[in-house]
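Chemist: Got a predicted structure here, sequence first:
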Amino acid sequence: MSQFEMNSKRTKLAYLLSLFMIVTPQLAHSQPLVAIAASEHAGHSHSTGSETYSCPMHPEETSHEPGSRCPKCNMFLTLDEASKQQDHSQHQHDQATEQKTYVCPMHPEETSHEPGSRCAICNMFLVEEEEEETGQATEQKTYVCPMHPEETSHEPGSRCAICNMFLVEEETGQEHSQHDQMAEQKTYVCPMHPEETSHEPGSRCAICNMFLVEEEEEESGEVDHSAHEHQPQATTPADKVFNSAKPASLDDGGTIKYVCPMHAHIISDVPSTCPICGMNLEKVEVGGSNKEIQIDVSGGMQQALALKVAKVEKDTLWKFVRTVGQIDYDESQINHVHARVNGWIEKLTIKSVGDKITKGQLLYEIYSPDLVNAQDDFLLAQDSLRRAGGSGDYEELLRKAGLRLELLGFNKAQIKALAKSKKTQYRVPFYAKNDGIVKQLTVRDGMYIQPSTEVMSVVDLSKVWVIADVFENEQSWLAVGQKAEVSVPAMGFKGIEGEIDYIYPELDPVTRSLRVRIVVQNNDIELRPNTLAKIDIFGGPNEDTLVIPQEALIQTGKENRVIVKLKDNSFTARKVTVGMLSQGKAEIIDGLQEGERVVTSGQFLLDSEASLKGSLMRLSSGHQH
């Protein structure tokens, strides 16, 4: 044997010897651990010996041994759900039984979870703490009357000895605290990022930095309705009442009814109890729909309410319309000045808009080749007629030449002056035909103009229009020729007489008003266009009409009512039919008679009182039982 092989054997022998020396103490130490593990395994096998394992792919392959495999697919068998639940309940039971509390009989504050412990104060053995019997506590409930809390009972279904209501279960302090805690716990959410929430008020969103707002709670009524949509109908007395097919009405004549004080919709013809709360129904005298509700108000209370009355009387109501309008130009008095030839303005006597113009005043001078040629033709025709000795053909030629000059803008005086002087005018003057004010000026000296060019526009302000807006419901009161009065508060003018000249055929679609044109004389040129004015239009009279002050009306949108004073301390609410409203008075078509007195101040308080007192009469959804 070589030296190398001997060294290798020595090395292996030394390694085996060292390994044996290391493993021997570990085996000696692990013997008690193995015993403990064996005992634990025995206990576990006792508790889990009944566990069943099955194949996920082949449920018919089962075994009670953990770690088994399926003989078909070789998958590990898994624990059944029933075994899992049994093991979980067994674990909870073991945990509950193991967790016990021991307390000192003399010093209850000394406790321990270790059996056999002693008190640190008196050295007594701690004893096991007795659990409170919750069953007896939960069985003892207290029922209390909602109206009379002093009436209590421990029997469910009991009634109050005072009002006969069913007693309800009293809430405990713990329930109150839980309710308060739930009410206090509010959630705040970002309006832009609903996923950002917080329970702290005043918090901000981490994304957009907006303040979080309080989250609205969902109405439980919708959830409950959807959750119990297919549940069978309840058969309690209250449900029978609410599910009644034909509700009883209180408008079928004066009679005696019995009504629940807590639930006014529970109505009966005979004395009985409410099926909801158990209270005795109260006797109520109910009038029919034609019976007036009277309200008694003492004299002192009438003074405190500052009640005022007015008599119903007959009077003449004028179809009086008070509205606003605007002063405007009389469009029939606007004149547009145009040159009927091409040419150049040589001289302009009008300097600016607003200049006053009188009839015959020089407006401008123009040079136009067309006007020069027309004058030459006129002079030539005149000379030819003179040479011919009054021939009829030349007379007609002269007449046509003069008519041409007149159509081009010459007046008769200018034509006569031309025939007398026999000289052509190269700068032809043009004069104003009427008085007025320059409304628009579009030319200056030296400008070239054409027949389409408007030199200026002149308006006569001796007569102006006032355009008034009248409400839609008053359009039937208007007619052409009616008199009107115009006032201009800005200028201090009052009582300017006018007349309706025209009523426009359509209403303004935006303001729903009708435009009316009133013609007003303005000889002193004091009324300026575009000035606001107040207009009073007088229509025809409505004679011998029953009227009351307009402030006595109580207008609800659906009907009109008034408060009528019957006696010194008696009042009633009455429905009326209203006609025309004018000058602070209202026409009464039906509902009142002449001589009756209506309340004009404080009537809304009396109407509220009448509504409350007559609420039973107006019920249309009451229930009989």
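Modeler: Everything's here; your move.
Chemist: and E406, how many residues sit next to it?
Modeler: Neighbour count of E406, defined by other C-beta atoms under 10 Å: 12. No exception for glycine: its C-beta is placed from N, CA and C like everyone else's.
Chemist: so what secondary structure elements neighbour the helix or strand encompassing it?
Modeler: Assigned by DSSP states H and E, E406 belongs to helix 392-407. Identification of packing neighbours for helix 392-407 by 3 or more C-beta pairs under 8 Å, 6 or more residues apart in numbering; DSSP states H and E yields helix 369-388, helix 412-421.
Chemist: Give me the distance from the shortest one to the chain's centre.
Modeler: Helix 412-421 sits 79 Å away from the centroid of its parent chain (C-alpha atoms, centre = their mean, to the nearest Å).
Chemist: Past that helix, which element shows up next along the chain?
Modeler: Immediately after helix 412-421, counting by DSSP H and E, sits strand 428-431.
Chemist: all strands for the stretch 501-625 of the chain, in order.
Modeler: For the stretch 501-625 of the chain, the strands defined by DSSP state E, counting those that start in this stretch occupy 513-521, 532-549, 554-555, 560-565, 570-582, 585-590, 597-601.
Chemist: ok, now the stretch 101-250 of the chain?
Modeler: Under DSSP E, counting those that start in this stretch, the stretch 101-250 of the chain gives strands at 102-103, 111-112, 127-128, 143-144, 152-153, 168-169, 188-189, 197-198, 213-214.
Chemist: centre of the chain versus the fifth one, how much separation?
Modeler: The gap between the average C-alpha position of strand 152-153 and the chain average comes to 49 Å, counting by C-alpha atoms, centre = their mean.
Chemist: Also stretch 441-456?
Modeler: 58 Å.
Chemist: Start and end of that stretch, how far apart?
Modeler: Taking C-alpha to C-alpha, to the nearest Å, stretch 441-456 runs 4 Å from one end to the other.
Chemist: quick one: contacts of that stretch?
Modeler: Contact partners of stretch 441-456, identified using C-beta atoms under 8 Å, 6 or more residues apart in numbering, comprise 336-348, 350, 352-353, 363-364, 366, 438-440.
Chemist: related to what we said a few turns ago, for K308, find the nearest of the helices and strands packed on helix 392-407.
Modeler: helix 412-421 (75.9 Å; C-beta to C-beta).
Chemist: in the closest one, what's buried?
Modeler: Neighbour counts using 16 or more other C-beta atoms under 10 Å place Q414, I415, L418 of helix 412-421 among the buried residues.
Chemist: So, low pLDDT: which residues of the stretch 151-300 of the chain?
Modeler: Counting by pLDDT under 70, the low-confidence segments of the stretch 151-300 of the chain come to 172-184, 216-255, 285-292.
Chemist: on that earlier part again, any chance of the strands of the stretch 101-250 of the chain in JSON lines, plus mean neighbour count and distance to L527?
Modeler: Below are the strands of the stretch 101-250 of the chain laid out as JSON lines (neighbours: other C-beta atoms under 10 Å; distance: least, C-beta to C-beta, whole Å):
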{"stretch": "strand 102-103", "mean neighbour count": "18", "distance to L527": "107"}
{"stretch": "strand 111-112", "mean neighbour count": "15", "distance to L527": "105"}
{"stretch": "strand 127-128", "mean neighbour count": "10", "distance to L527": "111"}
{"stretch": "strand 143-144", "mean neighbour count": "18", "distance to L527": "83"}
{"stretch": "strand 152-153", "mean neighbour count": "15", "distance to L527": "88"}
{"stretch": "strand 168-169", "mean neighbour count": "12", "distance to L527": "81"}
{"stretch": "strand 188-189", "mean neighbour count": "18", "distance to L527": "65"}
{"stretch": "strand 197-198", "mean neighbour count": "15", "distance to L527": "69"}
{"stretch": "strand 213-214", "mean neighbour count": "10", "distance to L527": "59"}
